[in-house]
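Asks: Quick one, fold the following:
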Amino acid sequence: MPNGKTVYLDYAASAPMRASALKAEADYAASEYADANPNSLHTRGRLSARALDQARSDLARSLGGRFRPSEVTFTSGGTESNNLALFGLAEGARERDRKRNRVVISAIEHDSVLDVAPALRNLGFEVAVVRPGRDGKVTPEALKAELGDTCALVSVMYANNETGVVQPVPELADVAHKAGAVFHTDAVQAFGRIPLELSWVDAVSATAHKIGGPVGCGILAVRGRVNLRPRQFGGGQEFNRRPGTQDVRGALAFAAAAKECASGLEQARAACSAKARRLYATLCAEGTGIKPSVDGEVGDDKLPGTVSLLVPALDSETLVLALDDAGFEVSAGSACSSGSLDPSHVLSAMGIPRQEALGSLRVSFDERASDADLEAFARALLDVVQKRTGKQ
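Replies: Okay, here's the model as predicted:
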């Protein structure tokens with residue numbers, strides 16, 4: 001354990017709160033409208049509504065892509081945003097054109113997209129899954145082959161949560177539109193980490209806790225021209241798209257974290273890319289028994305702070321627990337449950353052999369991770385692998 005402290009390197013799961021977000025929460029708590037319902041007509045309610053509107057405007061500006069504040073819906077996080085997008089956009093498209101009964105998603109999506117597929121089929125939709133290449137990317141050609149003339153919705157994530165591979169979203173959206181389909185992207189991992197090209201996108205999901213905001217606050221931005229059917233009922237909040245009293249505290253903290261990320265995006269991206277390149281060079285050197293899950297340099301086609309590794313001689317659970325004992329908190333690219341280990345669906349979809357996929361490891365961080373901590377982590381991982389496999 002480095003200097004007796006635990007080093008957290010699982011930012012892709014949830015990033016530590018930023019000082020700007022904590023300050024926004026503290027300022028809210030000290031305000032005269034703290035805990036007021038933003039839907040109330042009295043003075044405190046109107047002040048709360050004004051603060052919520054400001055957060056909505058700040059997030060729309062941080063997203064880019066010419067999304068208007070009125071097109072931003074607050075949710076409880078990325079999972080709810082993705083669920084609302086998949087159900088709401090598919091049903092909305094079919095409502096406008098009854099022949100639109102096909103949904104296309106990629107094989108590397110987060111479970112909050114993939115697990116919607118059976119429910120969509122129960123609602124009468126056909127669901128097709130497009131596979132990536134070995135480089136982790138879904139090509140426009142592969143997507144086009146799955147569309148047809150009945151496609152209602154295409155959903156392909158902006159950047160993968162395990163490998164960090166960035167998808168060619170503008171090109172994919174163009175293919176979807178030419179087929180008459182709506183295009184949604186899950187930008188939960190990408191938002192705040194890389195510049196987003198969203199001009200062609202009809203809907204985008206993001207969440208606060210991946211960028212140093214609070215857990216429990218997300219957004220779904222949907223173009224006004226697109227039909228979105230609500231999935232919950234019981235109030236007119238969020239422009240009738242998502243009922244329930246809004247979390248103003250969370251919205252303000254989310255907006256503060258997003259503004260901080262946007263203001264320092266290029267510097268943070270360059271710093272994280274350099275850190276990732278050094279990690280790959282050290283860990284994947286000849287003879288270590290470790291290799292990257294995706295070949296190539298860290299560049300525009302990969303998230304700068306996501307390092308995706310394969311240790312074929314070991315399994316993910318062993319690696320994660322051994323590193324945890326050494327004081328480093330990272331995650332596996334595979335799902336450990338009930339004592340059994342299954343390979344990551346993302347790595348399997350990319351064609352990575354089962355034995356290699358079982359030894360996947362994800363290290364994720366932002367510009368706040370120190371070089372010293374990353375170097376100590378690299379030494380610890382090499383030591384774990386050497387002791388268990390004999391690799392030098």
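
Asks: what about the nearest residue to Leu347 once chain neighbours are set aside, distance to Ala313?
Replies: The shortest distance from Leu347 to any non-neighbouring residue, by CB to CB, 6 or more residues apart in numbering, is to Ala357 (4.0 Å). C-beta here means a position set from N, CA and C on the backbone, and glycine is covered the same way. The gap separating Ala357 from Ala313 is 13 Å, by CB to CB, to the nearest Å.

Asks: who has more neighbours, those two?
Replies: Ala357 (24 against 15; other CB atoms under 10 Å).

Asks: tell me, which helix in the protein spans the most residues?
Replies: Scanning the chain for the longest helix, with DSSP state H as the assignment, gives helix 43-63.

Asks: Buried residues, that one. List them.
Replies: 44, 47-49, 51-52, 55-56, 58-60, 62-63 (16 or more other CB atoms under 10 Å).

Asks: Now for Arg277: which residues touch it?
Replies: 297-298 (CB atoms under 8 Å, 6 or more residues apart in numbering).

Asks: What mean pLDDT does the host helix or strand of it get?
Replies: With secondary structure defined by DSSP states H and E, Arg277 is part of helix 265-283. Here helix 265-283 scores 97 as its mean pLDDT.

Asks: quick one on the thing from earlier: could you save the buried residues of helix 43-63 as CSV and add columns showing pLDDT and distance to Ala206?
Replies: Below are the buried residues of helix 43-63 laid out as CSV (pLDDT from 0 to 100; distance: CB to CB, whole Å):
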residue, pLDDT, distance to Ala206
Arg44, 97, 29
Leu47, 98, 26
Ser48, 98, 23
Ala49, 98, 22
Ala51, 98, 20
Leu52, 98, 17
Ala55, 98, 13
Arg56, 98, 13
Asp58, 98, 13
Leu59, 98, 8
Ala60, 98, 11
Ser62, 97, 9
Leu63, 97, 7
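
Asks: Dump those to TSV, plus distance to Val72.
Replies: Shown next, in TSV, are the buried residues of helix 43-63 (distance: CB to CB, whole Å):
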residue	distance to Val72
Arg44	23
Leu47	20
Ser48	17
Ala49	15
Ala51	15
Leu52	11
Ala55	9
Arg56	5
Asp58	10
Leu59	6
Ala60	5
Ser62	10
Leu63	8
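
Asks: quick one: the helices in this protein?
Replies: 19-30, 43-63, 78-96, 111-114, 117-122, 140-147, 169-178, 248-263, 265-283, 316-325, 345-349, 354-357, 371-389.

Asks: Take the ones you listed and lay them out in a markdown table including distance to Gly192.
Replies: As requested, the helices of the chain are exported to a markdown table (distance: least, CB to CB, whole Å):
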| stretch | distance to Gly192 |
| --- | --- |
| helix 19-30 | 12 |
| helix 43-63 | 8 |
| helix 78-96 | 13 |
| helix 111-114 | 18 |
| helix 117-122 | 28 |
| helix 140-147 | 26 |
| helix 169-178 | 16 |
| helix 248-263 | 4 |
| helix 265-283 | 8 |
| helix 316-325 | 25 |
| helix 345-349 | 21 |
| helix 354-357 | 28 |
| helix 371-389 | 20 |
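
Asks: Any idea which of those gets closest to Arg134?
Replies: Closest approach to Arg134 among those is made by helix 345-349 (10.1 Å; CB to CB).

Asks: Name the residues that touch that closest one?
Replies: Taking CB under 8 Å, 6+ apart as the rule, helix 345-349 contacts 107-108, 114, 131-132, 136, 160-163, 293, 333-334, 354, 356-357, 360.

Asks: again, 6 Å this time
Replies: 107-108, 131-132, 162, 357, 360 (CB atoms under 6 Å, 6 or more residues apart in numbering).

Asks: Nearest to Gly212, out of the helices of the chain?
Replies: If we rank the helices of the chain by CB to CB, the stretch that ends up nearest is helix 248-263, at 4.6 Å.

Asks: who touches that closest one?
Replies: Against helix 248-263 from outside (CB under 6 Å, 6+ apart): 18, 20-21, 24-25, 28, 38, 48, 51-52, 55, 58-59, 62, 74, 192, 208, 211-214, 216-217.

Asks: per-domain residue ranges of the protein.
Replies: 2-16+265-389, 19-262 (automatic domain parsing).

Asks: Please identify the most buried of the ones you listed.
Replies: Each of these was assessed for mean neighbour count using mean count of other CB atoms under 10 Å. The highest is domain 19-262, with a mean of 20.

Asks: for the protein, what helix or strand is lowest in average pLDDT?
Replies: When the helices and strands of the chain are scored by mean pLDDT, DSSP states H and E, strand 335-337 comes last with a mean of 43.

Asks: what's the longest helix of the chain in contact with?
Replies: 33, 36-38, 67, 69, 72, 219, 221, 246, 248, 251-252, 255, 258-259, 262.

Asks: Chain neighbours aside, what residue packs nearest to Val215?
Replies: Using CB to CB, 6+ apart, the closest residue to Val215 is His209 (4.4 Å).

Asks: Provide a list of residue ranges in the stretch 251-392 of the chain with pLDDT below threshold.
Replies: The stretch 251-392 of the chain contains residues with pLDDT under 70 at 299, 333-341, 391-392.

Asks: again, only using 80
Replies: Low-confidence segments of the stretch 251-392 of the chain, defined by pLDDT under 80: 296-300, 333-341, 390-392.
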